[in-house]
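Dropping a prediction and its sequence here:
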2 protein chains.
Amino acid sequence: MKNTIRAAAIAAALLPGAAPADEPLTLARWGSFHVGGREVVVSGQPIREVLFAPGGVPARVDPNGTYLMGGMYAQYMVPAPMRGRVPLLMWHGGGLTGVTWETTPDGREGWQHFFLRRGWATYVSDAVERGRAGWSQIPEQTGGQALTLTLDNPYERFRIGAGQGSYRRQELLPGNQFPADRESYLAFMRQVVPRFTTTDALALDAYLALLDRVGPSVVMVHSQAGLFGWRAAQERPEAVRALVLIEPAAVGDPAKVAALRNIPILMVYGDYIAGDPRWPTIRANGVRFAEAVRAAGGSVDVVDLPERGIRGNSHMIMMDRNSDQVAALVQDWLAAKGLWQ
Amino acid sequence: MKNTIRAAAIAAALLPGAAPADEPLTLARWGSFHVGGREVVVSGQPIREVLFAPGGVPARVDPNGTYLMGGMYAQYMVPAPMRGRVPLLMWHGGGLTGVTWETTPDGREGWQHFFLRRGWATYVSDAVERGRAGWSQIPEQTGGQALTLTLDNPYERFRIGAGQGSYRRQELLPGNQFPADRESYLAFMRQVVPRFTTTDALALDAYLALLDRVGPSVVMVHSQAGLFGWRAAQERPEAVRALVLIEPAAVGDPAKVAALRNIPILMVYGDYIAGDPRWPTIRANGVRFAEAVRAAGGSVDVVDLPERGIRGNSHMIMMDRNSDQVAALVQDWLAAKGLWQ
């Protein structure tokens, strides 16, 4: 495996326009904003006295009134010089936040670093309900109970360990590239946040508001955000210059495949899918949707990494030890589509 | 007011070592990590089938097992060249996240930008229970109901509007510097996240873990984080090289004031305190604690901004229109303490 890692590192270093991981990064500007959301009025609730700080002064909190909810957070970094022709929006998966893109569990640079070093202006967001977007227990927003994951759940569901019970046995899928030593795995689990399964419509609205604010962009999505990437591209085809889907967990609207016909699309799947209880179906749904987009005149490239000789990838491809190698594949694809100079 | 703003901008630009706001920023490195937390075991709960994505494949979710909770998020940016002698940790207030420091509601650069431009390595964190730290409805972590704020609440409680009912009237305190035009105020409210009032001990533990990881630092806190700043300095006096408290809402442990005697401490309060129903008491508690620290041999500078001719500051001093002017005051104080070269 060491050789594979070294080969990937060399490949990344040799990619045209790549600054090595230890070189400084110059940002023309950076910052954050929130976008989207709507006002929700609540009434009929009792007023509370709240002691916010021990030894402080109680404050009167009236829960009745107008709330702002369903907004989303985005942090942007614009490198100098800029080489991506449009910004790169990076949308994380379920139970996670934008942290997915800015780090790896074993402390290497993340995909956000990778693309910044190649001159892409990156916009890393936290979707509605999680991270710096905030959430709310007010039913008008979330309508349900949030789900928090136990330590074994992603280990066994994200194709890291060898199926049910593997966390207890600490049994990895053979050759798995996810950094699953104890310290790294816990670093990953600290990134996991509670998840509602009832906020898809709000999240899509906020992503559309993000696209409306940033303008034409490359949209890169992971897992749950497959849903938002496909649907946002269908709603704003002129604003999505390319769509990169890393193991999308859902498909778009079958009635609107024609809207995608002018958008270059790349779908990337990792390893161990055939032996998983859920991923063969999820992948087959994705490939079938891709075929429908092609039948409507669109262009979709489906990459199964093992077929390219890239083995051992879990569901968290951007965190796996060969993350730079897969990022380079995506970068090459974007460059080939004329989106990078 | 325009003259005040211009004067502040000029003062900031003339400060030695300040790069203008439109100049690029060079980072030697940047990234994030999570720190702290502990394992919590839950048992006796029913197993659920969860459909994570519409049209996806249901997954079996067993809520029994081991959770990792009480961790915290920190994003670091290390500028080149570096001029701060130690890193600068920036700890946000209640119902907020690290976004407090990286932006202003009207789109100017935040205090994080200000200190980065002067060569401070910044560590901006999201405390336990909020933002990218995640939260949980599992009682072992939060033990209570989260509080979400209505639009009028910070307007009236953070000394922006003229007291109760002022949001409806859109009546600002005279001369208020908070950017409270409708668009800016909503931009601020989108940053507000739900808040538990039951996680202080967990948050303090995580902040101690952060200090243990980063090492000796300047700790800058706002509002609720006053509690964590004071207490963390009392638990790790050797790791806190200076403590800057922006309108701290709570004090430290009165039994441990002697632990603070070698730490230079700065407390900063804004305007309109005398006319507020809560802040005269909160400030008096803080000043009384400062006197106890001084009596134990410590050094505490208390700055009431109006006494320095700096008027109109709300509770959100780092977001007010004169934010750069107050940041420059803090920067000068840090430089005078020998923490900047």
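On my side now, so go ahead. Numbering: from 1, shown residues only, chains lettered A, B, ... in the order given.

When you work out contacts or count neighbours from here on, use the C-alpha atoms and nothing else.
Noted.

so residue A:221 bridges to which residues?
Beta bridges link residue A:221 to residue A:91, residue A:245 when assigned by DSSP bridges.

For it, give me its contacts.
Shown in contact with residue A:221 (C-alpha atoms under 8 Å, 6 or more residues apart in numbering or on different chains): A:90-93, A:229, A:243-246, A:248.

out of those residues, what pair is the most spread apart?
The span of the contacts of residue A:221, defined through C-alpha to C-alpha, is set by A:93 and A:243 at 15.2 Å.

May I have the distance across stretch A:37-54, first residue to last?
Its start and end residues considered, stretch A:37-54 measures 33 Å (C-alpha to C-alpha, to the nearest Å).

Stretch A:115-130 vs chain B: in contact?
Yes: using C-alpha under 8 Å from any C-alpha of the partner chain, stretch A:115-130 reaches chain B at residue A:130.

Next, the buried residues of that stretch.
Buried positions in stretch A:115-130, judged by neighbour count with 16 or more other C-alpha atoms under 10 Å in any protein chain shown: A:115-130.

That one: end-to-end distance?
24 Å.

Averaged pLDDT, it. What do you get?
Stretch A:115-130 shows a mean pLDDT of 96.

what do you get for stretch A:284-303?
The pLDDT scores in stretch A:284-303 average 98.

Restricting to C-alpha, output that stretch in PDB.
Presented in PDB, the C-alpha positions along stretch A:284-303 are these (Å, rounded to 0.1, in the frame of the first residue of the first chain):
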ATOM      1  CA  ALA A 284     -27.700   1.000 -10.200                       C
ATOM      2  CA  ASN A 285     -30.300   3.800  -9.600                       C
ATOM      3  CA  GLY A 286     -27.600   6.400 -10.300                       C
ATOM      4  CA  VAL A 287     -26.400   4.700 -13.500                       C
ATOM      5  CA  ARG A 288     -30.000   4.200 -14.700                       C
ATOM      6  CA  PHE A 289     -30.600   8.000 -14.200                       C
ATOM      7  CA  ALA A 290     -27.300   8.800 -16.000                       C
ATOM      8  CA  GLU A 291     -28.600   6.700 -19.000                       C
ATOM      9  CA  ALA A 292     -31.800   8.700 -19.000                       C
ATOM     10  CA  VAL A 293     -29.800  11.900 -19.100                       C
ATOM     11  CA  ARG A 294     -27.800  10.600 -22.000                       C
ATOM     12  CA  ALA A 295     -30.900   9.500 -23.800                       C
ATOM     13  CA  ALA A 296     -32.100  13.100 -23.500                       C
ATOM     14  CA  GLY A 297     -28.900  14.300 -25.200                       C
ATOM     15  CA  GLY A 298     -26.700  14.800 -22.100                       C
ATOM     16  CA  SER A 299     -23.200  13.800 -21.300                       C
ATOM     17  CA  VAL A 300     -22.500  11.700 -18.200                       C
ATOM     18  CA  ASP A 301     -19.200  10.000 -17.400                       C
ATOM     19  CA  VAL A 302     -19.500   7.200 -14.800                       C
ATOM     20  CA  VAL A 303     -16.200   6.200 -13.200                       C
END
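
tally of neighbours for the closest residue to residue A:145 other than its chain neighbours?
Of all residues not flanking residue A:145 in the chain, residue A:196 sits nearest, at 6.3 Å (C-alpha to C-alpha, 6 or more residues apart in numbering or on different chains). Neighbour count for residue A:196, taken as other C-alpha atoms under 10 Å in any protein chain shown: 21.

Over to residue A:48?
With other C-alpha under 10 Å as criterion, residue A:48 counts 12.

again, but for residue A:80
Using other C-alpha under 10 Å, residue A:80 has 20 other residues around it.

where does it land on pLDDT?
For residue A:80, the predicted pLDDT is 96.

can you check residue A:12 too?
44.

next one: residue A:139
56.

After the strand ranked longest in chain A, which helix or strand is next?
The longest strand of chain A (DSSP state E) is strand A:25-42. The helix or strand immediately downstream of strand A:25-42 is strand A:48-50, counting by DSSP states H and E.

Past that next one, which element shows up next along the chain?
By DSSP H and E, the next helix or strand past strand A:48-50 is strand A:59-61.

Does anything pack onto that following strand? Which helices or strands?
On a contact count with 3 or more C-alpha pairs under 8 Å, 6 or more residues apart in numbering or on different chains; DSSP states H and E, strand A:59-61 meets strand A:48-50.

can you give me the angle the longest strand of chain A makes with strand B:25-42?
50 degrees (axes from the mean of the first three to the mean of the last three C-alpha atoms, to 10 degrees).

do strand A:25-42 and chain B meet?
Yes: applying C-alpha under 8 Å from any C-alpha, one finds strand A:25-42 touching chain B at A:25-29, A:31-35.

Walk me through which strands that strand pairs with, and which way each runs.
In the sheet, strand A:25-42 lines up with strand A:65-79 (antiparallel), strand B:25-42 (antiparallel) (DSSP bridges).

Strands of the stretch 101-250 of chain A, residue ranges please.
Ranges of strands in the stretch 101-250 of chain A, per DSSP state E, counting those that start in this stretch, are A:122-126, A:217-222, A:240-246.

For the residue most central in space within chain A, give me its contacts.
Per C-alpha atoms, centre = their mean, the C-alpha nearest to the average position across chain A is that of residue A:92, at 1.9 Å. Neighbour list for residue A:92: A:98, A:100-101, A:125-127, A:221-225 [criterion: C-alpha under 8 Å, 6+ apart].

number of nearby residues for the nearest residue to residue A:26 once chain neighbours are set aside?
Leaving aside its sequence neighbours, residue A:26 sits nearest to residue B:26 (C-alpha to C-alpha, 6+ apart; 4.2 Å). Neighbourhood size, residue B:26 [other C-alpha under 10 Å]: 21.

how about low-confidence regions in the stretch 151-300 of chain A?
Across the stretch 151-300 of chain A, nothing is flagged by pLDDT under 70.

Distance check, the closest residue to chain B within it against residue A:135.
The stretch 151-300 of chain A approaches chain B most closely through residue A:193 (4.6 Å), counting by C-alpha to the nearest C-alpha. Distance, residue A:193 to residue A:135, using C-alpha to C-alpha: 11 Å.

Quick check: residue A:331 is in a helix.
Yes: under DSSP: H, G, I helix; E, B strand; the rest coil, residue A:331 falls within a helix.

Would you enumerate the residues in contact with it?
Taking C-alpha under 8 Å, 6+ apart, one finds residue A:115 in contact with residue A:331.

Tell me the pLDDT of it.
pLDDT, residue A:331: 98.

So which elements touch the lengthiest helix in chain A?
Using DSSP state H, we find that the single longest helix of chain A is helix A:279-295. If you count contacts as 3+ C-alpha pairs under 8 Å, 6+ apart, helix A:279-295 packs onto strand A:299-304.
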